[in-house]
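> Fold the following for me, if possible:
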Amino acid sequence: MAAAHEPAGLTAKGARTRARIVDAAVALVQRQGVAETTVGEVKNSAGVSSSQLYHYFADKGALVQAVVERQAELIVATQERAGMGTLEGLQVWRDGVVAHAREVAGVGGCPLGHLVGQLAETDENARAELAEGFRRWAATLRQALHDLHRAGHLASGVDPDSLGDTLLATLQGGLLLAQVERDATPLETALDTLLALAVRDGAR
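Next up, the predicted model:
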C-alpha cells in the first residue's frame, strides 16, 4: 500500500526502496522503541546507503512520521479485509484481535498506541501524525458500524459514530491491560461486553 505522504514523482524502484526503508524502521521501532532505534540501524536493516536513506527522509523525525503512517495504514487495511460491516466480518475481526493478543501474550500492545507514550509529548509532528492515524482508524470503524446499522444489526438507540469511537477506546484500553498483565483476557472481556450491549446477534 502506498503511503499517503509518499513523495510525488517517485519511480517504481524508488517507491520500493522507500517502502523497504519504512518497513525496516517499523520492525525496529516495534521491537526496541523509537529512542533506541538509530538511522544507522534502519539503513543497515533496509540494505541501503546513507545517501539513499536521506534522499527519502530528511532526518529521523521524518522517518518516524512515516513509521506512524505505515502502522495506521496496516491497521486500516486489516480491518477492511475483515469486512467488519457484516456480522460475520465483525466476528472475524474480534476473533483476530483477541487471538493475536493471546498469541503474543499482550507483548507490544497496540502497534499505533504504543507510539503515543514515546512521541506525543516530545514530537509535535509525530503527535499530529498519530492523531491522524487514529482518526483514520476511527473512520473505518464508524463506516463498518454504519453498514451494520443499515442492516438492522445494532441495538435500538445505538449511534454508529459514537459506537465507533467507543469501540476504539475500548480496544485501546483492552490492549493496554493485556500488555501490562501479559494476558488477553481483559481485552476479550472488554470487547465482548461492549459488542453484547451494542450489536444484535453480534460477535460474542
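> buried stuff in stretch 190-198?
The neighbour-count check on stretch 190-198 (16 or more other CB atoms under 10 Å) flags 190-192, 194-195, 198 as buried. Glycine gets a C-beta too; all of them are placed from N, C-alpha and C.
> I misspoke; the intended subject was stretch 96-112.
Buried residues in stretch 96-112, defined by neighbour count with 16+ other CB under 10 Å: 97-98, 101, 106, 108-112.
> What average pLDDT does that stretch get?
Confidence over stretch 96-112, taken as the mean pLDDT, stands at 94.
> neighbouring contacts of it?
Stretch 96-112 has contacts (CB atoms under 8 Å, 6 or more residues apart in numbering) with 30, 68, 71-72, 74-75, 78, 82, 114, 130, 133-134, 137, 171-172, 174-184, 187-188, 191.
> so residue 166 sits in a helix?
Yes - with DSSP: H, G, I helix; E, B strand; the rest coil as the criterion, residue 166 is part of a helix.
> out of everything not next to it in sequence, what's closest to it?
Closest residue to residue 166 in three dimensions, ignoring its sequence neighbours and counting by CB to CB, 6 or more residues apart in numbering: residue 194, at 6.7 Å.
> show me the contacts for that neighbour.
Residue 194 makes contact with 166-167, 170, according to CB under 8 Å, 6+ apart.
> Out of those, the closest to residue 118 would be?
Nearest to residue 118 out of the contacts of residue 194 is residue 170 (CB to CB; 22.5 Å).
> Residue 45 and residue 73, how far apart?
Here residue 45 is placed at a distance of 20 Å from residue 73 (CB to CB, to the nearest Å).
> Show me the strands in the chain, by range?
Counting by DSSP state E, the chain yields no residue ranges for strands.
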